[in-house]
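Engineer: structure, please.
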Amino acid sequence: MLILLFFYISRMENFVIEATKHTPLVSGNCGTGEILISGRSIPENATSFYRPFLVWIDEYKHNPSPKTQLTFYLDYLNSISQKVVYDIIESLYDVTNKNELIVFWKYDEDDEEILDEGKVFQSRFDLDFRLIPVTA
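Structural biologist: As a prediction, the model looks like this:
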């Protein structure tokens, strides 16, 4: 049983959903631990859109990279997406018991709303959470 579990985990694949007009690029690299959500997050059904990614995260947590870097670079997110972002961070928070987790919250330097969103998430988690302005 242990051998089968190791084989299953070692075969985990990277994850990618390409960006659209209403949904962000969502990618996860199980080898490097780099996870990115970038773009506009206003899907019709955020729960359904992000579900495969949340399943991937649950798999990733079984054998995470020594250092996980979760990067958000969103230009807009609706209230349902805010809940899912919280769920993503909370789910990955579990890896901090064994491994390092850094959250990068990138925002356009003149976008106060996205900066404020980042500050709210930063205040809710005891993590290395970095707010990073991006110059246009």
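
Engineer: now the helices for this protein?
Structural biologist: Secondary structure of the chain (DSSP state H): helices located at 2-10, 46-60, 79-93, 112-124.

Engineer: touching, M12 and K61? I think so.
Structural biologist: No: using CB atoms under 8 Å, M12 makes no contact with K61, being 10.7 Å away. Glycine gets a C-beta too; all of them are placed from N, C-alpha and C.

Engineer: run through this protein and note the low-pLDDT ranges.
Structural biologist: 1-11 (pLDDT under 70).

Engineer: how about 90 then?
Structural biologist: Scanning the chain for pLDDT under 90 picks out the ranges 1-12, 62-63, 93-99, 136.

Engineer: closest to the centroid, which residue in this protein?
Structural biologist: By CA atoms, centre = their mean, the chain has its centre lying nearest to L70, at 5.0 Å.

Engineer: isn't it right up against L101?
Structural biologist: Yes: between L70 and L101 there is a contact under CB under 8 Å: 6.7 Å.

Engineer: overlap of the contact sets of these two?
Structural biologist: L92 (CB atoms under 8 Å, 6 or more residues apart in numbering).

Engineer: partner strands of the longest strand anywhere in the chain, with direction?
Structural biologist: Determined from DSSP state E, the single longest strand within the chain is strand 67-77. In the sheet, strand 67-77 lines up against strand 34-41 (parallel), strand 100-108 (parallel) (DSSP bridges).

Engineer: returning to what we had before: just tell me which of the helices of the chain ends up closest to P66.
Structural biologist: helix 46-60 (12.8 Å; CB to CB).

Engineer: so what touches the closest one?
Structural biologist: 9, 12, 15, 17, 23, 26, 28, 30, 35, 43, 78, 80-81, 83-84, 87-88, 91-92.

Engineer: now with 7 Å?
Structural biologist: Contacts to helix 46-60, defined as CB atoms under 7 Å, 6 or more residues apart in numbering, come from residues 12, 15, 17, 23, 26, 28, 30, 43, 80-81, 84, 87-88, 91-92.

Engineer: can you name the two of the residues you listed that are farthest apart?
Structural biologist: Distances among the contacts of helix 46-60 were taken as CB to CB; the most separated pair is M12 and I80, at 27.6 Å.
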